[in-house]
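Participant: Quick one, what's the 3D model for this:
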Amino acid sequence: MELRIESLGGEGDGVAAGPVFVPFTLPGERVRAQGSGERRELVEVLEPSAERIEPACPHFGACGGCALQHWAHGSYLAWKVERLGVTLARQHIETEILAPFAAAPGTRRRVALHARRGGPDGARLGYKTRRSWDLVDIRACPVADPRITAALPALKRLAAPLFEHPKSAPTLHLTLTDAGLDIDITGVEAKSGGLSADARMQVAERAAAADFARVTLAGEAAYMIGAPRVRLGPVVVSLPPGAFLQATVEAEAAMAAFATEAAAGAARIADLYCGVGTFTFRLAEIAPVYAADFAAEAIQALTGALASAPGLKGVTAEARDLARRPVLAEELKRVDVAVFDPPRAGAAEQTAELARSGVARVIAVSCNPATFARDARTLIDAGFRLERVLPVDQFLWSPHIELAAVFSR
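Facilitator: Model (predicted):
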């Protein structure tokens, strides 16, 4: 079937009349596609768009990680910003949308690689294929920091001993830290007690040979030469296994700069969903901070780092599930600025309390524009004004867009 692509859908697929969705196509292109139903596969581009470019990755098209490497960067980024505006409009929200921050290739410090059984000296390692549980055994990843790409052969050797049980399907969660690669492995079959002592020894030996900083098995240490550390503003934090960090250092810095500028002049700040302190320590250079997060390990890391951070205005931290037990409006009486950075589900319960509180300014960071728009609507209905939004593209060549925003009343 020949199709004329009219627009792009939310997942980055081209959309023709019907609608019919065809991946790796661009608006205005005439293409030949095969298949049936709404979703087809691209066979040939008959009339390419002037904005079509050569993909940066040899695995593009098979790998399920990137959807838009074939689109010129300016148009790709403009599409993401437009989608953010459409999402806000669905909640009848209008605001100033700033020029977006865009991550560069080779800057991702966090990736998750799936492993499958290979030879005795190396597993197959990579990302899942499009719409499949199969694996693309990668040899390059232009999104990731080059130090992660350079470690791929050693990571494949590290994963080889993880397949003692036939049902094991390990995932290696990699974080590039100041001490080197921190690797938390999940998905190793544990019904028979997990890995044998011999397999654990092989993992430790291969980690040492590769000079990895730490390897943990679902949070349990298998090898560590030194605590993986990262700098968060003025403070160096020792990371717990599997700790959340922003995907790129540059995006973290852009969002932190946005938050601290918006929080200037605060008398007391609440940092909700604070994690290991991505924004906490920077905010504590402005005013005393109350920090809360559901992950007790993250709070321990945050408080443990405070001793190395003289000159802060003060930080009080608490492990608290903000969905089940949000910080109440009454508890926020002395707070004039609140920051929240929730998971993809958003912060409906906590936003309701912020709406009831006397907080004058709210700074939101979100990885999901749809749940952000819902929470923003709650604040706006309570008298807040959404002043501005910063789009953040740190998941390069994906349809995913993040944001930071500031509300005041």
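
Participant: Return the set of buried residues in stretch 80-100.
Facilitator: Neighbour-count burial for stretch 80-100, counted by 16 or more other C-beta atoms under 10 Å, picks out 80, 81, 83, 84, 87, 88, 93, 95, 97, 100. Every residue, glycine included, has its C-beta placed from N, CA and C.

Participant: starting at the chain centroid, how far to it?
Facilitator: 20 Å (C-alpha atoms, centre = their mean, to the nearest Å).

Participant: ok, so of the buried residues of stretch 80-100, who is nearest residue 124?
Facilitator: Minimum distance to residue 124 across the buried residues of stretch 80-100 is 32.1 Å, recorded for residue 80 (C-beta to C-beta).

Participant: residues in contact with the helix or strand that closest one falls within?
Facilitator: Using DSSP states H and E, residue 80 sits in helix 73-90. With C-beta atoms under 8 Å, 6 or more residues apart in numbering as the test, helix 73-90 has contacts from 8, 10, 51, 68, 71, 94-95, 97, 100, 102, 369-370, 373, 376, 389, 391, 393, 397, 399, 401, 403.

Participant: Quick check: chain neighbours aside, which residue is closest to residue 246?
Facilitator: Among residues not flanking residue 246 along the chain, residue 252 sits closest, at 3.8 Å (C-beta to C-beta, 6 or more residues apart in numbering).

Participant: Would you mind giving me the confidence score for the one you found?
Facilitator: On the pLDDT scale, residue 252 is placed at 98.

Participant: ok so, going back, please pick the buried ones from the contacts of helix 73-90.
Facilitator: Here, 16+ other C-beta under 10 Å leaves 8, 51, 68, 71, 95, 97, 100, 102, 369, 373, 376, 389, 391, 393, 397, 399, 401, 403 buried among the contacts of helix 73-90.

Participant: Among those residues, which are located in helices?
Facilitator: Counting by DSSP state H, the part of the buried ones among the contacts of helix 73-90 found in helices is 369, 373, 376.

Participant: Out of those, the closest to residue 47 would be?
Facilitator: Checking these one by one against residue 47 (C-beta to C-beta), the nearest turns out to be residue 369, at 32.3 Å.

Participant: What distance do you get for the residue lying closest to that closest one once chain neighbours are set aside to residue 372?
Facilitator: Distance criterion C-beta to C-beta, 6+ apart; nearest residue to residue 369, sequence neighbours excluded, is residue 87 at 4.3 Å. Residue 87 sits 8 Å away from residue 372, going by C-beta to C-beta, to the nearest Å.

Participant: For residue 186, grab the count of nearby residues.
Facilitator: 15 (other C-beta atoms under 10 Å).

Participant: That one: what's it in contact with?
Facilitator: Contacts of residue 186 by C-beta under 8 Å, 6+ apart are 170, 171, 173, 218.

Participant: Tell me the secondary structure of the closest residue to residue 118 other than its chain neighbours, please.
Facilitator: Nearest in space to residue 118, with sequence neighbours left out and distances taken as C-beta to C-beta, 6+ apart, is residue 124 at 4.6 Å. Here residue 124 takes the strand state, with states given by DSSP: H, G, I helix; E, B strand; the rest coil.

Participant: wait, residue 124 sits on residue 134?
Facilitator: No. Counting by C-beta atoms under 8 Å, residue 134 is not a contact partner of residue 124; they are 10.2 Å apart.

Participant: Which one of the two is surrounded by more residues?
Facilitator: In terms of neighbours (other C-beta under 10 Å), residue 124 is the more surrounded of residue 124 and residue 134; the figures are 17 against 13.

Participant: And the strands in the stretch 101-250 of the chain, which stretches?
Facilitator: 101-102, 110-119, 122-128, 135-137, 171-177, 180-186, 214-217, 220-224, 229-232, 235-238 (DSSP state E, counting those that start in this stretch).

Participant: repeat for the stretch 251-400 of the chain
Facilitator: Under DSSP E, counting those that start in this stretch, the stretch 251-400 of the chain gives strands at 269-272, 289-293, 315-319, 337-340, 361-366, 385-393.

Participant: Not counting residues beside it along the chain, what's closest to residue 203?
Facilitator: Nearest to residue 203 is residue 222, by C-beta to C-beta, 6+ apart, at 5.2 Å.

Participant: count of neighbours near the one you found?
Facilitator: 19.

Participant: so it makes contact with residue 215?
Facilitator: Yes. Using C-beta under 8 Å, residue 222 is in contact with residue 215, at 4.8 Å.

Participant: Now do the shared contacts for the two.
Facilitator: 185, 203, 204, 207.

Participant: what sits against the last one?
Facilitator: Read it as residue 207. 158, 183, 215, 222, 223.

Participant: switch the cut-off to 7 Å
Facilitator: By C-beta atoms under 7 Å, 6 or more residues apart in numbering, residue 207 lies in contact with 158, 215, 223.

Participant: Which members of those come out as buried by neighbour count?
Facilitator: 158, 215, 223.

Participant: mind giving me a markdown table with the buried residues of stretch 80-100 and columns for distance to residue 227 and pLDDT?
Facilitator: As requested, the buried residues of stretch 80-100 are arranged in a markdown table below (distance: C-beta to C-beta, whole Å; pLDDT from 0 to 100):
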| residue | distance to residue 227 | pLDDT |
| --- | --- | --- |
| 80 | 36 | 97 |
| 81 | 39 | 97 |
| 83 | 40 | 96 |
| 84 | 38 | 97 |
| 87 | 40 | 97 |
| 88 | 41 | 98 |
| 93 | 43 | 98 |
| 95 | 42 | 97 |
| 97 | 40 | 98 |
| 100 | 35 | 98 |
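
Participant: The spatially most central residue of the chain and residue 109, how far apart?
Facilitator: Computing the C-alpha centroid of the chain and ranking residues by C-alpha atoms, centre = their mean puts residue 247 first, at 5.1 Å. Distance from residue 247 to residue 109, counting by C-beta to C-beta: 7 Å.

Participant: if I look at those two, which residues touch both of them?
Facilitator: Joint contacts of residue 247 and residue 109 (C-beta under 7 Å, 6+ apart) do not exist.

Participant: The strands of the stretch 101-250 of the chain: which one's closest to residue 273?
Facilitator: strand 229-232 (14.8 Å).

Participant: Paired strands for the closest one, with orientation please.
Facilitator: Sheet partners assigned to strand 229-232 using DSSP bridges are listed as strand 235-238 (antiparallel).

Participant: The partner strand: how far from the chain's middle?
Facilitator: Using C-alpha atoms, centre = their mean, the offset of strand 235-238 from its chain centre is 20 Å.
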